[in-house]
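1. Following is a predicted model, sequence given first.
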Amino acid sequence: MNYITRHIEDVIRKAERTFKAVLVTGARQTGKSTLLKTMFADKRYITFDDPFAEEQAKNNPEMFMMLNEPPVILDEVQHVDNLFRYIKMKCDNSAEYGLFCLSGSQPFHLMKKLSDSLAGRIAIFELAGLSLREILSSKCTTPFIPTLSYIQSRSTDAHNPGNIWELIHRGSYPELYNGDVDWNTFYASYIKTYLERDVRELTAVHDLDTFRRFIVACAVRTGQMVNYSNIADEIGKDVTTVKNWISILEALGIIYLLEPYKNSALNRIIKTPKLYFRDTGLASYLARWLTPETLAAGALNGAFFETYIISEILKSYSNCGLDYRYFVSYYRGRDKKKITANGETHFAESEIDFIIEQDGILYPIEIKQTSQAAPEMVSAFHILDQIPDKKRGMGAVICMCPSVGSLCENVLQIPYWYV
């Protein structure tokens, strides 16, 4: 299998020259090990998925560190968090940078001990699955933002990938871009080998059958506001258990909770987060959409398209070493707006699918599975004008239109492959 260059490489390489340690986190099978081994081929590589290495590091960490002097790559370090204090001592006793390259698949299991032991000594990055830019060998590494300057720079190598539903259905795990890998077998093995094992390690989930039904219930709700009670009723568990299990999926990088935009000037905001799967291939497998064609024609096609686009936007930030959680949100308010479609008029809550905030400017975005955007799709954007200390920037409808165009004043329609 040919290695696909990852856009995060530049920021990791820079950090490796300026920090004592670098940590790459992310879900299982996003390519963390391959990335570090490819970038730092001269460093010794040890994985704690190896039971022998894990046992040595846990039972005799001092000897382990003596036998494995830096510079070294330590893979899946969440298994040996007792090692962090010894890594700290090595960092403190050396003036050199790039001593340790670490990877871990369980961020919430790592972060407290990392922050206690390695604060100021470690740079932390998140590696997601392959982005569309990486798959298409794009050179663009700029975070997505719907401005004319971004569009001009992106237009140099943005091109239509063809059947978007094949990409949405296949997913973004690098192994799936090896032509010999069967899609069904990969995801069945992924759930059994990684997801269920990690869940058992992180919490006392003994009823895996119910947990499987819970994951499926989440998959068919991708792109929706989280309704804990509804999921609890469906799987026969209490709301507290559902909240705990959702936090586990989020910590494992399986889902992302998009928080609502909060501002005191908007007093009718709905404060429930929206749930998105980080990999649309995994969500397709769990929801039993077994081919790109059935997914494209299915009842959830709009939700899956939105999930895919939001995932791609998040990757454009994390691949630059930026924590997207500080940049993004969505809006939904209880104020009703009148909508006319197919000759019928009804009232719906005002919603903005996605908001990017930078430098005090709010960029509203709608995501629509359509080849032709319409001005009424952005009727909620004006709500952001009520916020006195913020400015509304250029808005956009990201859709399947053939090229970039102006939709209405200060709003663009942008093809999805420009993300």
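-> Structure received. Just so it is clear, the model here is predicted, and its values are computed rather than measured. Residues are numbered from 1 along each chain as shown.
2. Every contact and neighbour count from this point should use C-alpha atoms.
-> Fine.
3. in which helix or strand would I find the closest residue in space to W289 that isn't next to it in sequence?
-> Nearest residue to W289, sequence neighbours excluded (Cα to Cα, 6 or more residues apart in numbering): L295, at 5.4 Å. For L295, the host element (DSSP states H and E) is helix 292-297.
4. can you tell me how far the residue nearest to W289 sits from A303?
-> Shown here: L295 relative to A303, a distance of 11 Å by Cα to Cα, to the nearest Å.
5. quick one: which of these two has more around it?
-> More crowded of L295 and A303, by other Cα atoms under 10 Å: L295, with 22 against 18.
6. in the stretch 201-350 of the chain, which spans are helices?
-> 208-219, 228-235, 239-251, 280-286, 292-297, 301-318 (DSSP state H, counting those that start in this stretch).
7. between these, which gets nearest to N263?
-> Smallest distance to N263 across those (Cα to Cα): 22.2 Å, for helix 301-318.
8. What is the closest one packed up against?
-> helix 164-170, helix 280-286, strand 361-367 (3 or more Cα pairs under 8 Å, 6 or more residues apart in numbering; DSSP states H and E).
9. what's the most buried one of those?
-> helix 280-286 (a mean of 24; mean count of other Cα atoms under 10 Å).
10. Which stretches in the stretch 101-250 of the chain count as strands?
-> 122-126, 224-225 (DSSP state E, counting those that start in this stretch).
11. Between those strands, which has the poorest mean confidence score?
-> Sorting the strands of the stretch 101-250 of the chain by mean pLDDT places strand 122-126 lowest, at a mean of 92.
12. starting at the chain centroid, how far to it?
-> 15 Å (Cα atoms, centre = their mean, to the nearest Å).
13. now do stretch 357-367
-> Remark: stretch 357-367 is offset 19 Å from the chain centroid, using Cα atoms, centre = their mean.
14. what residues does that stretch touch?
-> Identification of contacts with stretch 357-367 by Cα atoms under 8 Å, 6 or more residues apart in numbering yields 145-146, 305-306, 309, 327-328, 352-356, 377-378, 381, 384, 389-399.
15. What mean pLDDT does that stretch get?
-> Summarised as a single mean, pLDDT over stretch 357-367 is 96.
16. How about stretch 193-206?
-> Mean pLDDT, stretch 193-206: 73.
17. now for it, what's the gap between its first and last residues?
-> Note: stretch 193-206 ends 16 Å apart using Cα to Cα.
18. Pull out the buried members of the contacts of stretch 357-367.
-> Buried members of those, counted by 16 or more other Cα atoms under 10 Å: 145-146, 305-306, 309, 328, 352-356, 377-378, 381, 384, 391-399.
19. Kindly report the domain assignment for the chain.
-> According to automatic domain parsing, the chain comprises the domains 9-126, 132-418.
20. And these: which comes nearest N2?
-> domain 132-418 (7.9 Å).
21. got a list of what R332 touches?
-> Residues counted as contacts of R332 (Cα under 8 Å, 6+ apart) are 260, 269-270, 349-352.
22. Filter these down to the buried ones, PyMOL style.
-> Selecting only the buried entries of the contacts of R332 in PyMOL, with 16+ other Cα under 10 Å as the criterion:
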select buried, resi 260+269+270+350+351+352
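23. Can you pick out the most distant pair from the contacts of R332?
-> By the measure Cα to Cα, P260 and E349 form the most distant pair in the contacts of R332, at 14.1 Å.
24. Highest mean neighbour count out of the strands of the stretch 101-250 of the chain?
-> strand 122-126 (a mean of 22).
25. what's that strand packed up against?
-> Counting contacts by 3+ Cα pairs under 8 Å, 6+ apart, strand 122-126 packs against strand 21-25.
26. Pull the distance from the helix or strand following the strand it packs on to the chain's centre.
-> For strand 21-25, the following helix or strand on the C-terminal side (DSSP H and E) is helix 32-39. Distance of helix 32-39 from the chain centroid (Cα atoms, centre = their mean) equals 19 Å.
27. Could you do stretch 210-219 as well?
-> 19 Å.
28. buried ones in that stretch?
-> Result for stretch 210-219 [16+ other Cα under 10 Å]: buried residues 211, 213-219.
29. possible to save those residues as a markdown table with pLDDT?
-> Listed next are the buried residues of stretch 210-219 as a markdown table, based on pLDDT from 0 to 100:
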| residue | pLDDT |
| --- | --- |
| F211 | 89 |
| R213 | 94 |
| F214 | 94 |
| I215 | 95 |
| V216 | 96 |
| A217 | 97 |
| C218 | 97 |
| A219 | 97 |
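30. Spatially, which pair of the residues you listed is furthest apart? Let me know, please.
-> F211 and A219, at 12.4 Å, using Cα to Cα across the buried residues of stretch 210-219.
31. Just to be sure, which of the contacts of stretch 357-367 are found in strands?
-> The members of the contacts of stretch 357-367 that map onto strands under DSSP state E are 328, 352-356, 391-392, 395-399.
32. Those into CSV, with extra columns for distance to H159?
-> Below are the ones in strands among the contacts of stretch 357-367 laid out as CSV (distance: Cα to Cα, whole Å):
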residue, distance to H159
V328, 25
I352, 27
D353, 24
F354, 23
I355, 25
I356, 24
K391, 31
R392, 29
G395, 22
A396, 18
V397, 18
I398, 15
C399, 14
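33. I'd like the average pLDDT over stretch 278-295.
-> 97.
34. Quick one: neighbours of T18, just the number.
-> Here the count is done by other Cα under 10 Å, and T18 has 16 residues near it.
35. Secondary structure element holding it?
-> Under DSSP H and E, no helix or strand contains T18.
36. And the nearest residue to it once chain neighbours are set aside, its phi and psi?
-> Leaving aside its sequence neighbours, T18 sits nearest to Y97 (Cα to Cα, 6+ apart; 5.9 Å). The phi/psi pair for Y97 (degrees, to the nearest 10) reads phi -100, psi 170.
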